[in-house]
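# Sequence and predicted structure are below.
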Amino acid sequence: MSVRAQLRSFSHALQFLTRLPAPRIDVFDPADLSRSALWFPVVGAVIGAIVAAALWAGVQASPWIGALLGLVAWVWVTGGIHLDGLGDVADGLAGAHRSPERLLQIMRDPHVGAFGVMAIVLQLIAKVVLLAEIAGAAGFIALMLIGAWARLGAAVWSLAVPPLAAGTGERFSWQIDQRAVAAEGAVLVLLSLWFAPVLLGAAVVIPAIAAYWRYRLGGITGDCLGAGVEVTETILLLLIAVRMA
């Protein structure tokens, strides 16, 4: 892939995953979303760095103020894209009664149900508490790695689990380079070994989520990818918090 194509892929990943400014893409090619998967862990690290910076700024006053600023930065920079997926999946799993057709129908409904609201609220509470627990120097680098691991997970799940239906999740899997995903995973393993060995738990969490989607639903959607990112982030935050405690 040429340098220009790489820049286009990075720009697409930045636009899709964040609210950060990026070069405008005039003509959208659905395959761009799949090719941009190469940059998902990099963008995840950028998201983690922004959250860490907000956390550090607030910690100068207190850990809880830092946690609040970190959470606000997290929701703002991502635009809540993964939280939206978590809410849709929670509603779908609660009302589908193991019917894939009913699950898709519920997740496509633009309205958020009671289970979706509860899932999003609990997720935000979990994150703010865990951010307060890791509000130290070691936690800042860990946040960058957590953001990268979670978004690498999206690529892994797309490769390991078939799509349930046409849509974002299906398009995302079109042209993902398995060798690139493996190489990025190896880099994250090395960085985690050096900075935060407990984050090697991601090597268990990510395949476990893939297995859950495969055996619970038999496939995956874009909402499932978003929910998986949120769950991965929270579990890795919990591992860091327990280790620091």
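The structure has been received and is ready for your questions.
# Okay, residue 74 and residue 68: tell me how far apart.
Note on residue 74: its distance to residue 68, by C-beta to C-beta, to the nearest Å, is 11 Å. Bear in mind the C-beta positions are built from the backbone N, C-alpha and C, glycine included.
# any idea which helix or strand comes after the lowest-mean-pLDDT helix or strand in the chain?
Across the helices and strands of the chain, mean pLDDT, DSSP states H and E gives its lowest value to helix 168-172, namely a mean of 54. Using DSSP states H and E, the next helix or strand after helix 168-172 towards the C-terminus is helix 178-195.
# packing partners for that next one?
Contact here means 3 or more C-beta pairs under 8 Å, 6 or more residues apart in numbering; DSSP states H and E; on that basis helix 178-195 packs against helix 137-160, helix 202-216.
# want to throw those into TSV with mean neighbour count?
As requested, these are exported to TSV (neighbours: other C-beta atoms under 10 Å):
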stretch	mean neighbour count
helix 137-160	23
helix 202-216	17
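# Could I get those helices in TSV, plus columns for distance to residue 19?
As requested, the helices and strands packed on helix 178-195 are exported to TSV (distance: least, C-beta to C-beta, whole Å):
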stretch	distance to residue 19
helix 137-160	15
helix 202-216	25
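# Give the residue from residue 74 and residue 68 that has the larger number of neighbours.
Neighbour count, other C-beta atoms under 10 Å: between residue 74 and residue 68, residue 74 has more, with 25 against 17.
# Can you point out the helix or strand that includes the residue lying farthest from the centre of the chain?
What lies farthest from the middle of the chain is residue 61; by C-alpha atoms, centre = their mean that is 28.7 Å. Using DSSP H and E, residue 61 is not contained in any helix or strand.
# Equivalent analysis for residue 132, please.
helix 114-133.
# Quick check: buried residues in that helix?
115-116, 119-120, 123-124, 126-128, 130-133 (16 or more other C-beta atoms under 10 Å).
# what's the closest of these to residue 144?
Nearest to residue 144, judged by C-beta to C-beta, of the buried residues of helix 114-133 is residue 131 at 13.8 Å.
# Relative to residue 203, how far out is the closest residue to residue 231 other than its chain neighbours?
Nearest non-adjacent residue to residue 231, counting by C-beta to C-beta, 6 or more residues apart in numbering: residue 209, 6.5 Å away. Counting by C-beta to C-beta, the separation of residue 209 from residue 203 is 12 Å.
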